[in-house]
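**Student:** One predicted model, sequence on top.
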Amino acid sequence: MLSALLKRSCQRPLCLLPPALFCLTLFCCLRLPTAQAVPLTLTLAYADIESFPYQAGNGIEPANPPGIAVELIQQAAADLGIKVNFLRMPGRRVLSEMEEGHVDGGFIYSYNSDRIRSGVYPLRDGKPDRSRRLATLHYVLYRRMHDKVSWNGSQFSHLSTPLGANTGYSVVADLRRQGVNVEEARSTAQNIQKLRSGRLDAYVAQSIVVDAYLAGAKITDIEKIAPPVSSKDYFLMFSHQFYASHSPLAEALWQHLGEIRDRATEQLAKRYQD
């Protein structure tokens, strides 16, 4: 499929090609003797804990359906004639495996300067290029129904216990930089249980994940407080090793993800509403 796509592309002026296909065609023409030399299979890793609906299910096997982020990457890669092998593992191991070059990339990660040693983000003028993000997620405060804990957009009030958060989430470092005492737990279920039992006064997490969990578990004694504590863009990252060898291919995939993201996400979301 890729060789046919490239053959058709090479018959058109490069300036008329879509940006993603332009990058991929240029990659093949300038750096490789034949289209067959393009690495047709990427190995990408993501966390083994559900972050619904972007990563569905728990455990080392992809769920069916696997989640919006997984399907979005599959679609963008397939459009470019690339196959993807997905691996699931603990989130911190994803970063270490990417840093060592044992996987080609990982997702779904917000920008964090500490993660730069593990992999490469899509950048523009040295900053994360949000036009090529996978998603934008919102971190929101959850409390027991009618409790006084609140967030006014700049500070928390009425906190007498540490604030709950999921281990590995970038918001943990953000909160600690603000001087907030944070207690981490591995999963949404663990944090909600601690919140309901009174071990936590409040919990900050991605609203799309917690809302789905509360609805699925039919929990009605926890409420969400506006405004969001923060909003973050999330990206597919590539290992430094992969990017050094195949940067035009990485750029092409990032570019195409940005081109199809909104339309594809709207279509895919219907599969995850029930």
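**Tutor:** Everything's here; your move. Predicted, not measured: the structure shown is a model, and the values here were computed from it.
**Student:** only C-alpha atoms for contact and neighbour calcs from this point on.
**Tutor:** OK.
**Student:** Low-confidence stretches in the stretch 151-274 of the chain?
**Tutor:** Along the stretch 151-274 of the chain, the model assigns pLDDT under 70 to residues 273-274.
**Student:** tell me the helices in it, going along the chain?
**Tutor:** All helices of the stretch 151-274 of the chain, identified by DSSP state H, counting those that start in this stretch, fall at 171-177, 188-197, 207-217, 240-269.
**Student:** So what angle separates the directions of the lengthiest strand in the chain and helix 188-197?
**Tutor:** For the chain, the strand with the greatest residue count under DSSP state E is strand 222-238. Angle, strand 222-238 to helix 188-197, by axes from the mean of the first three to the mean of the last three C-alpha atoms, to 10 degrees: 160 degrees.
**Student:** So which bits of strand 222-238 are buried?
**Tutor:** Neighbour-count burial for strand 222-238, counted by 16 or more other C-alpha atoms under 10 Å, picks out 222-225, 228-230, 232-238.
**Student:** Of the residues you listed, which is the nearest to S187?
**Tutor:** Of all those, the one sitting nearest S187 is I222; the distance, using C-alpha to C-alpha, is 16.4 Å.
**Student:** Could you report the neighbour count for the residue nearest to the closest one when sequence neighbours are not counted?
**Tutor:** Spatially, and ignoring its direct neighbours in sequence, I222 is nearest to R144 (4.6 Å; C-alpha to C-alpha, 6 or more residues apart in numbering). Applying other C-alpha atoms under 10 Å, we find 21 other residues in the vicinity of R144.
**Student:** same question, the one 10 residues further on
**Tutor:** Other residues within reach of S154, judged by other C-alpha under 10 Å, total 8.
**Student:** Then the one 10 residues further on?
**Tutor:** Neighbourhood size, G164 [other C-alpha under 10 Å]: 27.
**Student:** now swap in G258 and tell me
**Tutor:** Using other C-alpha under 10 Å, G258 is surrounded by 19 other residues.
**Student:** what's the answer for A264, then?
**Tutor:** 16.
**Student:** show me the contacts for it.
**Tutor:** For A264, the contact set (C-alpha atoms under 8 Å, 6 or more residues apart in numbering) comprises L72.
**Student:** What residues does F107 make contact with?
**Tutor:** 44-47, 235-237.
**Student:** Okay, and it sits in which element?
**Tutor:** Taking DSSP states H and E as the criterion, F107 maps to strand 105-110.
**Student:** who does that strand pair up with?
**Tutor:** Its sheet considered, strand 105-110 pairs with strand 41-47 (parallel), strand 222-238 (antiparallel) by DSSP bridges.
**Student:** Just put these in a markdown table and tack on distance to R124.
**Tutor:** Shown next, in a markdown table, are the strands paired with strand 105-110 (distance: least, C-alpha to C-alpha, whole Å):
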| stretch | distance to R124 |
| --- | --- |
| strand 41-47 | 23 |
| strand 222-238 | 14 |
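**Student:** Which one of those strands lies nearest to A250?
**Tutor:** A250 sits nearest to strand 222-238 of all the strands paired with strand 105-110, at 7.3 Å, using C-alpha to C-alpha.
**Student:** Which pLDDT does the model give the residue nearest the centre of the chain?
**Tutor:** For the chain, the residue nearest the mean C-alpha position is I108 (1.8 Å; C-alpha atoms, centre = their mean). Listed pLDDT for I108 reads 94.
**Student:** Would you mind confirming that it makes contact with D233?
**Tutor:** No. In terms of C-alpha atoms under 8 Å, I108 does not count as a neighbour of D233; the distance is 9.5 Å.
**Student:** any residues in contact with both of the two?
**Tutor:** By C-alpha under 8 Å, 6+ apart, I108 and D233 have these common neighbours: L134.
**Student:** Any regions of the stretch 1-150 of the chain where pLDDT drops low?
**Tutor:** Applying pLDDT under 70 to the stretch 1-150 of the chain flags residues 1-39.
**Student:** can you give me the strands in it?
**Tutor:** Counting by DSSP state E, counting those that start in this stretch, the stretch 1-150 of the chain has strands at residues 41-47, 83-89, 105-110, 123-124, 127-128, 135-144, 150-151.
**Student:** thinking again about what came up before, unless I'm mixing things up, the residue nearest to I222 is touching K194, no?
**Tutor:** No. Counting by C-alpha under 8 Å, R144 does not reach K194; the two are 10.7 Å apart.
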